[in-house]
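# the following block contains a protein sequence and its predicted model.
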Amino acid sequence: MARYELLNNIAHKDLRVSTRFGEEFGDNIGVVQVFPTEFAELQREYPIFFREVAEGGFETVALLGFDQRENLFVQDGGWHAAYLPGAIARGPFLIGFQEQMVDGQLRNEPVIHVDLEHPRVARDQDGHPVFLAQGGNSPYLERVIAVLRGINDGVQACKAMVAAFQALDLIQPMQMEVRFDEAHAVNLTGLHGIDRERLAALDAPSLHGLHRSGWLEGAYLVSASLYNMRRLIAEKQRRLREQEATEAEQVA
């Protein structure tokens, strides 16, 4: 169960966070929420999709595996991609809001909270220190702060982008049957993508509106990211071969 506290350099002066990866850290997930603010980095390595949310509308996600509990980017304690999605990189931290007096006015200002029950919170000297010995932010915490800012901006950006795409009916459901070999296949459901034909057929005012808002690039980045399915399929095939070889050795 999560136990959030407002982060400060006195109560948490000895806090350390592990940056290793594995099932024990909750990394066995098939998708992760991502944000338009990181699309340029994500689209080089991850397939990006839209997924419906319970309250209506869509969120954007990166596909990590072909099963709910499968992450093909994690192996031997490492994350094998040059870019780590912000929702993973933030670790046990998140942005909350606290009423503070700013220029004589009471405002909700963003503050950082830490989940002390998060599996990445180190119980010994393993992991990165959050604060320096003299109390300042460590380089690790400065990176996390930048990630949290990107997520905070990305949440609002995603709402605006999805609204623009929905207004033009650009988001379409995708049904994908992926076959890895003769014995293994999977049907991917619940994912949505950009309707490329409808995007190409937009009139000039609609295209200009998307371009002016910055979402036209987002549409192209999401579409281009689907080429990363080949990499994901190849990694799944490699692991299936490894699994079969191991099972054959055990039988022998």
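Thanks, I have it.
# what about the strands in the stretch 151-252 of the chain?
Assigned by DSSP state E, counting those that start in this stretch, the strands in the stretch 151-252 of the chain fall at 171-179, 185-194.
# tell me the strands beside the first one, with direction?
Think strand 171-179. Here strand 171-179 is paired, per DSSP bridges, with strand 185-194 (antiparallel).
# relative to the whole chain's centre, how far out is the partner strand?
17 Å (C-alpha atoms, centre = their mean, to the nearest Å).
# so which residues make contact with it?
With contacts defined as C-beta atoms under 8 Å, 6 or more residues apart in numbering, strand 185-194 is touched by 49-52, 58, 61, 63, 66-67, 165, 170-180, 219, 222-223, 226. In short, each C-beta sits where N, CA and C put it, glycine included.
# which of the strands of the stretch 151-252 of the chain is buried the deepest?
Most buried of the strands of the stretch 151-252 of the chain by mean neighbour count (mean count of other C-beta atoms under 10 Å) is strand 185-194; its value is a mean of 16.
# may I see the strands of the stretch 151-252 of the chain arranged in CSV, with distance to residue 145 as well?
Putting those into CSV (distance: least, C-beta to C-beta, whole Å) gives the following:
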stretch, distance to residue 145
strand 171-179, 32
strand 185-194, 32
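# of all the ones you listed, which one is nearest residue 136?
Each of the strands of the stretch 151-252 of the chain was scored for nearness to residue 136 using C-beta to C-beta, and the closest is strand 185-194 (43.2 Å).
# that closest one - what's its average pLDDT?
The average pLDDT for strand 185-194 rounds to 95.
# the closest residue to residue 202 other than its chain neighbours and residue 206, how far apart?
Distances taken as C-beta to C-beta, 6 or more residues apart in numbering put residue 168 closest to residue 202, at 6.5 Å, once the chain neighbours are dropped. Going from residue 168 to residue 206 by C-beta to C-beta, to the nearest Å gives 6 Å.
# where in the stretch 51-200 of the chain is pLDDT low?
99-104, 106-107, 123-124 (pLDDT under 70).
# quick one, helices of it?
Using DSSP state H, counting those that start in this stretch, the helices of the stretch 51-200 of the chain run over residues 86-89, 139-167, 196-200.
# could you dump the ones you listed into CSV and include mean neighbour count and distance to residue 34?
What follows is the helices of the stretch 51-200 of the chain, written out as CSV (neighbours: other C-beta atoms under 10 Å; distance: least, C-beta to C-beta, whole Å):
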stretch, mean neighbour count, distance to residue 34
helix 86-89, 21, 7
helix 139-167, 17, 8
helix 196-200, 12, 20
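# thought residue 31 was touching residue 66?
No. If you go by C-beta atoms under 8 Å, residue 31 and residue 66 don't touch, sitting 10.4 Å apart.
# bridged to residue 5, which residues?
With DSSP bridges as the rule, residue 5 is bridged to residue 114.
# how about the contacts made by it?
Residues near residue 5 by C-beta under 8 Å, 6+ apart: 11, 12, 113, 114, 116.
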